[in-house]
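# my questions concern the predicted model and sequence given below.
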Amino acid sequence: MAKDKERSINPAQQQRKLEKAKALKKSKAEQTNRRNEKLARRNPDRLQRQIDDLKALESSGEIKPREKTILEDLERDLRAVRKAREALGDKAPQYGGGNRPPRRDDGASESVLGKRQHNGQRIPPNRRQNENESETDEDVRRIPMPEDTPPPVPRQQRRYFGSETEASYSPHPAAPVIETKTTYSAAPQLRDLKKEATSRFVPDIVRRKQDAVKGHGALVEPEEMDRLEAQGYYGQKAPEKEADQKPAEAEDNEEVRRLAEEEARFERELAAGMKDETPEHEAQKLAPTGPAHTNRHVEIEEVEDEDG
């Protein structure tokens, strides 16, 4: 039974399973190493100091529930950090907390900072302060400080004047840059779908007959032309031309009708004006409009000559 089971296993599938297990084991080891390196970077001495402070609070009975939870987390982290450092061994980073020189009781330190003396040595800040205090006389120290408000600190006129000068000679601010906005507009595109359909989707035989009627290609015999005319390919107006001519004809008819109405109205007005006129009106029209002339009588007498 066991032999049959071994025979049924696919060797390639078994090899893939082994490779998958090795890759999984390797990834777990890399993950563990990264975690150990991350934990080893933490300073165990600092964690220990924090734990000692919290334990001192716990022993005094002043610890709070939140601080107690923090203490448990710190202890767990400290154990993990020490375990990680042990796993890394010499590769673990070293902290020089334990190699620091002991601090002096008088507060002095071996720091190189401080005021340099004539002999090349430096005086620490604390010592320099003590020396300055010792240089002051005792009588001067006993002088009481005034209780009134101290005088104001004088302003720095030079700096203020310089700032005003710099501000007066500062360049003018640059003009704001006006952004050019691009406006995109598009008019509606009108399409004649009926015309496109009739001009594009035309059978080849119909297109050949239309070209023959227009004179494209071979010459057409009279009998053939008569037959095309009977079929409707020749002698009929294009629908586009008819559609263009209809509005023009409608406009012409409207103009003719309007002129006829104007002419009839003018004739009616003329006839009505002729009926209203009488002979008296005509005489008044024919009479002169200037001032009236008076009739003068002239008498002619015959005179005889005495000598004659």
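Thanks, I have the structure now. Numbering: from 1, shown residues only.

# domain ranges for the protein?
15-91, 193-231 (the TED database).

# any chance of these in TSV, plus distance to Val153, mean neighbour count and mean pLDDT?
(Each C-beta comes from the backbone N, C-alpha and C, glycine too.) As requested, these are exported to TSV (distance: least, CB to CB, whole Å; neighbours: other CB atoms under 10 Å; pLDDT from 0 to 100):
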stretch	distance to Val153	mean neighbour count	mean pLDDT
domain 15-91	44	13	86
domain 193-231	90	11	80
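
# what's the closest of those to Asp137?
Nearest of these to Asp137, taken as CB to CB: domain 15-91 at 46.2 Å.

# going along the chain, name the helices of this structure.
Listed in chain order, the helices found in the chain under DSSP state H are 2-8, 11-40, 44-60, 65-88, 125-135, 138-141, 157-168, 193-200, 204-214, 222-231, 239-276, 279-286.

# spit out the contact partners of Ile63.
Leu54, Leu57, Leu71 (CB atoms under 8 Å, 6 or more residues apart in numbering).

# what of Leu228?
Listed by CB under 8 Å, 6+ apart, the contact set of Leu228 reads Lys209, Ala212, Val213, Val220, Tyr234.

# against Asp211, how distant is it?
Counting by CB to CB, to the nearest Å, the gap from Leu228 to Asp211 is 11 Å.

# swap in Leu24?
In terms of CB to CB, Leu24 sits 79 Å off from Asp211.

# can you check Arg142 too?
131 Å.

# how about Asp252?
Distance from Asp252 to Asp211, by CB to CB: 34 Å.

# kindly report the same for Asp45.
Distance from Asp45 to Asp211, by CB to CB: 103 Å.

# ditto for Ala271
Ala271 sits 63 Å away from Asp211, going by CB to CB.

# hang on, the earlier thing: got the domains of the chain as CSV, with distance to Asp137 columns?
As requested, these are arranged in CSV below (distance: least, CB to CB, whole Å):
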stretch, distance to Asp137
domain 15-91, 46
domain 193-231, 114
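
# and of these, who's closest to Glu262?
domain 193-231 (39.9 Å).
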